[in-house]
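>>> Quick one, what's the 3D model for this:
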Amino acid sequence: MSDSLADILFGPALADRPCGDCVVCCVTPKIDTPEFSKAEGEACVHCTGSGCAIYDARPQVCRTFNCAWKRIATMPPETRPDRLGVMISVQGRLPPRNLFENLYFVLAATGDAAALDQADAREAIFMLSAAALPVFVSAEGIKTLVHPAPGLADAILNPAPQRDRALVREGRDWVRRYAPFARASAGEQASLPYGL
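Below you'll find the model as predicted:
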């Protein structure tokens, strides 16, 4: 079995981070594969409320998925999705609608959008923003880019009309750091400015 992109970026799921009775990944994400599909926010038909009824025969999409809490050792215990009310994962969209969708972190509220304003969620956003990937938050079906910040994001996407040339240089530097990840995710379909 080949490694997923998340496996390549972060390594395998951490053995000392069992899901326990967290089933957020069985409910929160939209899944649309030939093997299995379910709507965003809808519990999988195989979810028992504390695990998977077909765990040993679960679809490949479920076998390869692990939230950021299970993959990134520096994520504190409070960021386990059922404790935080937010599931943090790595995603990509093909084809991307803009540069930032090639590969990104997303913090998706699992219920009340106010969970994204908690101190632990804000600290997770700050920590993830130090990485080379864009960071989005998602609540009630609306996904919003929070890193790079709006001014820098605009300078990255629209460098020509910008008056602040230092911001444009900062944008080019950001894209250079992000480019290998975007290409790894999207191959030749990666949407990258500046001829990178």
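>>> Pull the contacting residues for the residue nearest to R58 when sequence neighbours are not counted.
Leaving aside its sequence neighbours, R58 sits nearest to C52 (Cβ to Cβ, 6 or more residues apart in numbering; 5.6 Å). From N, CA and C alone the C-beta is placed, and that goes for glycine too. By Cβ atoms under 8 Å, 6 or more residues apart in numbering, the contact set of C52 is 23, 26, 44, 46, 58, 62.
>>> what's the longest helix seen in the chain packed up against?
Longest helix of the chain, by residue count under DSSP state H: helix 165-186. When contacts are defined as 3 or more Cβ pairs under 8 Å, 6 or more residues apart in numbering; DSSP states H and E, helix 165-186 sits against helix 5-10, helix 150-157.
>>> hmm, back to that, top of the contacts of C52 by neighbour count?
Highest neighbour count within those, by other Cβ atoms under 10 Å: C26, with 22 neighbours.
>>> what's the closest non-adjacent residue to that one?
Nearest non-adjacent residue to C26, counting by Cβ to Cβ, 6+ apart: C47, 4.0 Å away.
>>> just R93 next, same as before
Nearest non-adjacent residue to R93, counting by Cβ to Cβ, 6+ apart: E101, 4.2 Å away.
>>> Test my guess that that neighbour contacts G92.
Yes: because the distance of 6.9 Å satisfies Cβ atoms under 8 Å, E101 is recorded as touching G92.
>>> Mind checking which of these two has more residues around it?
Comparing E101 with G92 by other Cβ under 10 Å, the one with more neighbours is E101, at 21 against 18.
>>> The more buried one and T33: what is the separation?
For E101, the distance to T33 equals 19 Å [Cβ to Cβ, to the nearest Å].
>>> now A184
20 Å.
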